[in-house]
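Peer 1: below is the sequence, then the predicted model.
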Amino acid sequence: MAIDVNQIMKLLSDPTVRQLLTSLMGKMGGQQGQGTQLSGLLEQLSQGGLGDQTTSWVGTGQNAPVTGSQVAQALGTDNINSAAASAGVSPEVAAHDLAEVLPQLVNSATPDGQLPQATDLQQLMSQLMKPAS
């Protein structure tokens, strides 16, 4: 099964959500040889205590929900504050929006229950995260 590009595009149609994700993914695993930004983001969330949830998002079963406060705690205050400032929203709104979109985004990007090849995902995410014209 292929990545559900239409679903991802729908999730990223909100400019605030797009900016939040662009800001976060710019910090997560973006260096050469460090994997994709999405895998870096998932690793950060897992290390922050959301391992069961992220596993469910990647897997083929039901997505476990998360709260904004869980996302904020897992990503850390600096990351949430930076993403919120970038998107022009409060840290609370940023965390809430991320809690809503991350399970769906990861689920749509991992239809086979595993992360796609790094180069394929990197190209897709770069294309999708470009500012809307």
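Peer 2: Perfect, I can see it now.
Peer 1: okay, CA-based contacts and neighbour counts for the rest of this
Peer 2: OK.
Peer 1: lowest average confidence, helix or strand, in the chain?
Peer 2: The helix or strand of the chain with the poorest confidence is helix 118-128; it has a mean of 58 (mean pLDDT, DSSP states H and E).
Peer 1: what about the nearest residue to Gln62 once chain neighbours are set aside, neighbour count?
Peer 2: Distance criterion CA to CA, 6 or more residues apart in numbering; nearest residue to Gln62, sequence neighbours excluded, is Ser56 at 6.6 Å. Number of residues near Ser56 (other CA atoms under 10 Å) recorded here: 18.
Peer 1: and Ser56, how far from Leu98?
Peer 2: 16 Å (CA to CA, to the nearest Å).
Peer 1: the longest helix in the protein is where?
Peer 2: helix 91-109 (DSSP state H).
Peer 1: secondary structure element for the residue nearest to Gln62?
Peer 2: helix 51-58 (DSSP states H and E).
Peer 1: tell me how far whichever helix or strand comes after that helix is from the chain's mean position?
Peer 2: Sequence order places helix 68-75 as the next helix or strand after helix 51-58, per DSSP H and E. Chain-centre distance of helix 68-75: 13 Å, with CA atoms, centre = their mean, to the nearest Å.
Peer 1: now stretch 45-63
Peer 2: 12 Å.
Peer 1: residues of it that come out buried?
Peer 2: By neighbour count with 16 or more other CA atoms under 10 Å, stretch 45-63 contains the buried residues 45-46, 48, 50-51, 53-59, 63.
Peer 1: farthest-apart pair in the residues you listed, please.
Peer 2: Using CA to CA, the pair of those lying farthest apart is Gly48 and Gly59, separated by 19.0 Å.
Peer 1: and the residue nearest in space to the middle of the chain, how far from Ala64?
Peer 2: Centroid-nearest residue in the chain, with CA atoms, centre = their mean: Leu102, separated by 4.8 Å. To Ala64, Leu102 is 11 Å away according to CA to CA.
Peer 1: Ser39 too?
Peer 2: For Ser39 relative to Ala64 (CA to CA), the value is 18 Å.
Peer 1: alright, calling it a day.
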